[in-house]
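[1] Give me a 3D structure for the following:
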Amino acid sequence: MPPSGFSQKAINGLLGFVRANYEVVAERYRDELLTEQEFLERTSDDLENQVKTVLTERFPESERLNGGVQGLTTFVVECYKDLAQEIVSGQDKHDRPVIDGKAIQKELDQIGTYLTDFKI
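    Numbers count the residues shown, from 1 in each chain. Okay, here's the model as predicted:
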């Protein structure tokens, strides 16, 4: 049973947050010469470093708030890293194919399905 704050609206909000991040990444990937796997790995490292730097510089007194933002960042970074690993293995945990160059779009399509079908 999820914590009381994990309502349907809360879960859908988190999925919307992840979708928005993948949409931005998909747009940025269109202009890249890297493989999608390489791009995802680089993007996850860049995002993690940027957030740490910005939070430390701009909000040094907000340790708890920074921890929350870093938590969301970790969530997204791990999604990117997991997708990069799925590209390497050629499939996701449900044995669906994951193809380099089409993996980000696959995630976007699946998030859309989750938003439609997922119920607590």
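[2] Name all residues that make contact with the spatially most central residue of the chain.
    With distances taken as CA atoms, centre = their mean, the residue of the chain nearest its centroid is Val76 (3.1 Å). Residues in contact with Val76, defined by CB atoms under 8 Å, 6 or more residues apart in numbering, are 17-18, 21, 47. Heads up, the C-betas are built off the backbone N, CA and C, glycines and all.
[3] Including neighbour count, could those residues go into TSV?
    Shown next, in TSV, are the contacts of Val76 (neighbours: other CB atoms under 10 Å):
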residue	neighbour count
Phe17	13
Val18	18
Asn21	20
Leu47	17
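[4] ok, so of the residues you listed, who is nearest Ser89?
    Val18 (20.8 Å; CB to CB).
[5] how close does that closest one get to Leu47?
    Per CB to CB, to the nearest Å, Val18 is found 13 Å from Leu47.
[6] Looking at the chain, which helix is longest?
    Counting by DSSP state H, the longest helix found in the chain is helix 63-89.
[7] Can you name the next helix or strand after that helix?
    Downstream of helix 63-89, the next assigned helix or strand under DSSP states H and E is helix 103-117.
[8] Give the buried residues for that following helix.
    In terms of neighbour count (16 or more other CB atoms under 10 Å), helix 103-117 has its buried residues at 103-104, 106-108, 110-111.
[9] again with stretch 40-55
    For stretch 40-55, burial by neighbour count (16+ other CB under 10 Å) applies to 40-41, 43-44, 47-48, 51, 55.
[10] Centroid-wise, who is the farthest residue in this structure?
    Glu61 (27.0 Å).
[11] how far away is the residue nearest to the centre of the chain from Gln50?
    12 Å.
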